[in-house]
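Trainee: sharing a model that was predicted from the sequence below.
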Amino acid sequence: MSEEMPERFEDIVGALEDLVRALEGGELPLDEALRLYEKGVGLARKGHDLLEGAERRVEELQKSLAEAGR
């Protein structure tokens, strides 16, 4: 895919919302709908990875706070 993917989670969500609207419109030719669907899968994966990274950071912070309280 030559298109640049957004880096921020909020931008990824916005891009996914745009793709969903385009796909739900039902006006796209099949090849374009498949291209957009594929792009959406990539965006969803990237968003998932960002969420997992954020979750790990929160867990590390909670752990360090718990250790500091000992």
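Mentor: The structure has been received and is ready for your questions.

Trainee: what helices or strands is the biggest helix by length in the chain leaning on?
Mentor: In the chain, ranked by residue count with DSSP state H as the criterion, the top helix is helix 30-68. For helix 30-68, the elements it packs on are helix 9-24, judged by 3 or more Cβ pairs under 8 Å, 6 or more residues apart in numbering; DSSP states H and E. C-beta coordinates here come from the backbone N, C-alpha and C atoms, glycine included.

Trainee: and for the helix it packs on, what's in contact with it?
Mentor: With contacts defined as Cβ atoms under 8 Å, 6 or more residues apart in numbering, helix 9-24 is touched by 5-6, 28, 33, 36-37, 39-40, 43-44, 46-47, 50-51, 54.

Trainee: and it, C-alpha only, in CSV?
Mentor: Only the C-alpha atoms of helix 9-24 are listed here, as CSV (Å, rounded to 0.1, in the frame of the first residue of the first chain):
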residue,chain,number,x,y,z
PHE,A,9,-4.8,6.5,17.3
GLU,A,10,-7.4,9.2,17.0
ASP,A,11,-6.5,9.7,13.3
ILE,A,12,-6.7,6.0,12.7
VAL,A,13,-10.2,5.9,14.2
GLY,A,14,-11.2,8.9,12.0
ALA,A,15,-9.8,7.2,8.9
LEU,A,16,-11.7,4.0,9.7
GLU,A,17,-14.9,5.9,10.2
ASP,A,18,-14.4,7.5,6.7
LEU,A,19,-13.8,4.1,5.2
VAL,A,20,-16.9,2.6,6.8
ARG,A,21,-19.1,5.5,5.5
ALA,A,22,-17.7,4.9,2.0
LEU,A,23,-18.2,1.2,2.1
GLU,A,24,-21.7,1.5,3.6
